[in-house]
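1. Quick check, what structure comes out for this input:
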Amino acid sequence: MKSYTITVNGNVYDVTVEENGAVSAPVAPAPRRAAAPAAPKAAPAPAAGAGNVKIEAGAAGKVFKIESSVGASVKRGDTLLILEIMKMETPVVATEDGTVASIDVAVGDSVEAGALLATLNN
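-> Modelled structure (predicted):
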């Protein structure tokens, strides 16, 4: 058995593969590329749940699109993000006027009902 660490869309998985008796000739490893120069560091992200108004998922689904950003002013009813729930795009809206304090999910994240999606400061 061989163990591998695989990264897919930023998620790291440890995988163990069982060999099935058939043995092939070893393959020479591909040459490694030089490491890319480090990207400049971004400003630190706000802490999860930084605001005093919590926006939570009403149902389990997958984050389809993020419509707002941290620091944006929003009015009650403005779309913050879109969840895909049972193959339907469902907008998640601001429950009151305020400023987006944090976005606590990323596109492609699976969320459960009640999961914290974002916070607002009013």
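2. Residue 6 bridge partners, please.
-> Per DSSP bridges, the residues bridged to residue 6 are residue 13.
3. meant to ask about residue 102, not that
-> Here residue 102 sits in beta bridges with residue 119, going by DSSP bridges.
4. Burial check on it, number of neighbours?
-> 21 (other Cβ atoms under 10 Å). Every residue, glycine included, has its C-beta placed from N, CA and C.
5. Now do it against residue 2, distance only.
-> Separation of residue 102 from residue 2 (Cβ to Cβ, to the nearest Å): 41 Å.
6. Please apply the same query to residue 71.
-> Counting by Cβ to Cβ, the gap from residue 71 to residue 2 is 47 Å.
7. Repeat that for residue 52.
-> Distance from residue 52 to residue 2, by Cβ to Cβ: 50 Å.
8. Those two - which one has more neighbours?
-> Under the criterion of other Cβ under 10 Å, the comparison of residue 52 against residue 2 puts residue 52 first, with 11 against 8.
9. Alpha carbons only: can I get stretch 69-86 in PDB?
-> Extracted C-alpha coordinates of stretch 69-86, given in PDB (Å, rounded to 0.1, in the frame of the first residue of the first chain):
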ATOM      1  CA  SER A  69     -17.700  41.700   0.600                       C
ATOM      2  CA  VAL A  70     -16.300  42.700   4.000                       C
ATOM      3  CA  GLY A  71     -16.800  46.400   4.600                       C
ATOM      4  CA  ALA A  72     -19.700  46.800   2.200                       C
ATOM      5  CA  SER A  73     -22.800  48.700   3.300                       C
ATOM      6  CA  VAL A  74     -26.000  46.700   2.900                       C
ATOM      7  CA  LYS A  75     -29.700  47.400   3.300                       C
ATOM      8  CA  ARG A  76     -32.200  44.900   4.700                       C
ATOM      9  CA  GLY A  77     -33.000  42.400   1.900                       C
ATOM     10  CA  ASP A  78     -29.800  42.900  -0.100                       C
ATOM     11  CA  THR A  79     -28.300  39.600  -1.200                       C
ATOM     12  CA  LEU A  80     -25.100  38.700   0.600                       C
ATOM     13  CA  LEU A  81     -24.500  35.300  -1.000                       C
ATOM     14  CA  ILE A  82     -26.300  32.500  -2.900                       C
ATOM     15  CA  LEU A  83     -26.600  28.900  -1.700                       C
ATOM     16  CA  GLU A  84     -27.400  26.000  -3.900                       C
ATOM     17  CA  ILE A  85     -30.100  24.100  -2.100                       C
ATOM     18  CA  MET A  86     -31.600  21.000  -3.800                       C
END
